[in-house]
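> got a predicted structure plus its sequence, pasted below:
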Amino acid sequence: MQRAKGFEAALKRCVNQHHRAFSAQPNYAQHHHDDPQDLVMVEGRTKSRAAILNRPSALNALNTAMVSRLKRLYESWEDNPDIGFVLMKGNGRAFCSGADAVTLFQLVNQGKVEECRKFFETLYKFVYIQGTYLKPHVAILDGITMGGGAGISLPGMFRVVTDKTVFCNPEAQIGFHPDAGASYYLSRLPGYLGEYLALTGDKLNGVEMIACGLATHYRLAMVEERVGKLVTDEPSVIKASLAEYGDLVNLDRKSILAKLEGIDRCFSHDTVEEIIDALEKEAADSYDEWCTTALKKLKEASPLSLKVSLRSIREGRFESLHQCLAREYRISLNGISKRVSSDFCEGVWARLVEKDFAPKWDPPSLKEVSKDMVDCYFSPLPEVEPELELPTASREPFM
């Protein structure tokens, strides 16, 4: 795996991050002629297959048809002895912008919660397949890689980034929580970087993803074509090929990763309130812009989502991938049920539908978010809603 130079030294009623922080607004308009085979295309090669996310007008946002097709394809490819490895990429300027939040919002408002449940169940099962896949996997994260887009790719063996890669988990800013395995991979980042990314929704570029371990290789031009011609199922051969054609990268001194000591001082605290207090003190002592920016993002996010997300990341530190997915499934279904709050719908409405960027969170402040409210998101689902069942007995986890 490549390392950025300087790494060791440095190492809902929505998002009210600065408007520019969400400059990439997908078009979620429904196309009734969409066919699953068109939404996820396949390229066949001598010893490999490539899955191409093909919903570019929506920044390849995931819906049930897409994740269902991905799951079927990957299961069949894993069983096919003629296929040595699998590659995934996106069509257009995004790899994948995550779940199609607007469609989920519409389904919730139409009372079609079962369709939402099916989406989360299928998505999380695919993430688990990806994380336990028996064959080498290469994800080309060329462009926007948000939320569930990271979930369907980061658990795989090789994650290739480019100068166009933009990674973030902005869920807390739309009244949701980092899901699709995010509590697993974010909790394993250096120090408390995972908490910082989960709560602020801040972005990382490709070089920063290499530096903190989220990505494995930085792509040179034509590397995808060259790797695609390999006739192998041996991970070491694929790794050597990626390394041969990969770029060496340098971490910018202005990178947020250069602030890891400050991030650890602030985001290591037990509660969101203590994190904010620490940031305010850090800002007063250092006059560092990253502190004030982080404070702004935290104060614009859903207070309830912040507390739920922090607890989820903290629990993820001590859990396996399948345990994280099972817990995230509970949080997601409890979140869209409106049993405690409508923050998800409020966040999507304000950020992606109405676009007034003025969500009315419920509760509106951290002090009004009770422990019982947070506990509800982590509690077992009602009897009529089965828990997420993953084939743990039949799959040896890769991660």
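Structure's in. What do you need?

> element containing Pro386?
Assigned by DSSP states H and E, Pro386 belongs to no helix or strand.

> how close does Leu388 get to Cys345?
Distance, Leu388 to Cys345, by C-beta to C-beta, to the nearest Å: 22 Å. C-beta here means a position set from N, CA and C on the backbone, and glycine is covered the same way.

> which of the two has more neighbours?
Cys345 (25 against 20; other C-beta atoms under 10 Å).

> spell out the secondary structure type for the more buried one.
Secondary structure, DSSP: H, G, I helix; E, B strand; the rest coil: Cys345 is helix.

> you'd agree it is up against Asn109?
Yes. Cys345 lies in contact with Asn109 (C-beta atoms under 8 Å); the separation is 6.5 Å.

> looking at the protein, which helix or strand is least sure?
Ranked by mean pLDDT, DSSP states H and E, the helix or strand of the chain with the weakest confidence is helix 7-10, at a mean of 40.

> after that helix, which helix or strand is next? Please name it.
helix 36-39.

> helices or strands next to that following helix in the packing?
Applying 3 or more C-beta pairs under 8 Å, 6 or more residues apart in numbering; DSSP states H and E, one finds that helix 36-39 contacts helix 64-79.

> who are the packing partners of the helix it packs on?
Using 3+ C-beta pairs under 8 Å, 6+ apart: helix 64-79 touches helix 36-39, strand 40-44, strand 48-53, helix 113-131.

> show me what contacts the closest residue to His137 other than its chain neighbours?
Nearest residue to His137, sequence neighbours excluded (C-beta to C-beta, 6 or more residues apart in numbering): Gly156, at 3.6 Å. Contact analysis of Gly156 by C-beta atoms under 8 Å, 6 or more residues apart in numbering lists 88, 130-131, 133, 137-139.

> what about 10 Å?
86-88, 127, 129-131, 133, 135-139, 216, 398-399 (C-beta atoms under 10 Å, 6 or more residues apart in numbering).

> give me the ChimeraX select line for those, limited to the buried ones.
Selection of buried members from the contacts of Gly156 for ChimeraX, criterion 16 or more other C-beta atoms under 10 Å:
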select :86,87,88,127,129,130,131,133,135,136,137,138,139,216,399
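
> please flag which of the contacts of Gly156 sit within helices.
In this view, the contacts of Gly156 that belong to helices under DSSP state H are 127, 129-131.

> from those, which is closest to Ser183?
Val127 (11.5 Å; C-beta to C-beta).

> residues in contact with Leu154?
127, 130-131, 139, 141, 145, 167, 180-182, 184-186, 209, 214-215, 399.

> so Glu115 makes contact with Asn109?
No. Counting by C-beta atoms under 10 Å, Glu115 sits too far from Asn109 to count as a contact (12.0 Å).

> show me what contacts Met157?
85-86, 130, 133, 135-139, 216, 235, 238-239, 398-399.

> if we go to 8 Å?
With C-beta under 8 Å, 6+ apart, Met157 has these contacts: 133, 136-138, 216, 235, 398.

> may I see these organised as CSV, with distance to Glu383 and pLDDT added?
Formatted as CSV, the contacts of Met157 follow (distance: C-beta to C-beta, whole Å; pLDDT from 0 to 100):
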residue, distance to Glu383, pLDDT
Tyr133, 33, 93
Pro136, 41, 91
His137, 37, 94
Val138, 42, 92
Thr216, 43, 92
Pro235, 43, 78
Phe398, 33, 46
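
> out of these, which are inside strands?
137-138 (DSSP state E).

> closest to Thr200 out of the contacts of Met157?
Using C-beta to C-beta, these come closest to Thr200 at Thr216, 24.6 Å.

> how close does that closest one sit to Gly181?
Applying C-beta to C-beta to Thr216 and Gly181 gives a distance of 17 Å.

> now do Gly191
Taking C-beta to C-beta, one finds Gly191 at 20 Å from Gly181.

> same check, this time on Lys307
20 Å.

> more neighbours: which of these two?
Shown here are Lys307 and Gly181; by other C-beta under 10 Å, Gly181 has more neighbours (27 against 23).

> would you confirm that the more buried one contacts Ser153?
No. Counting by C-beta under 8 Å, Gly181 does not reach Ser153; the two are 10.0 Å apart.

> list the contacts for the residue sitting nearest the centre point of the chain?
The centre of the chain sits closest to Gly147, judged by C-alpha atoms, centre = their mean, with a distance of 2.8 Å. Contacts for Gly147 (C-beta under 8 Å, 6+ apart) come out as 97-99, 168-171, 178-180, 182.

> dump these into JSON lines; add secondary structure as well.
Output for those, formatted as JSON lines (three-state DSSP):
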{"residue": "Ser97", "secondary structure": "coil"}
{"residue": "Gly98", "secondary structure": "coil"}
{"residue": "Ala99", "secondary structure": "strand"}
{"residue": "Cys168", "secondary structure": "strand"}
{"residue": "Asn169", "secondary structure": "coil"}
{"residue": "Pro170", "secondary structure": "coil"}
{"residue": "Glu171", "secondary structure": "helix"}
{"residue": "Pro178", "secondary structure": "coil"}
{"residue": "Asp179", "secondary structure": "coil"}
{"residue": "Ala180", "secondary structure": "coil"}
{"residue": "Ala182", "secondary structure": "helix"}
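
> so which of the residues you listed is the closest to Asn205?
Distances from Asn205 to the contacts of Gly147, taken by C-beta to C-beta, are shortest for Cys168, at 10.3 Å.
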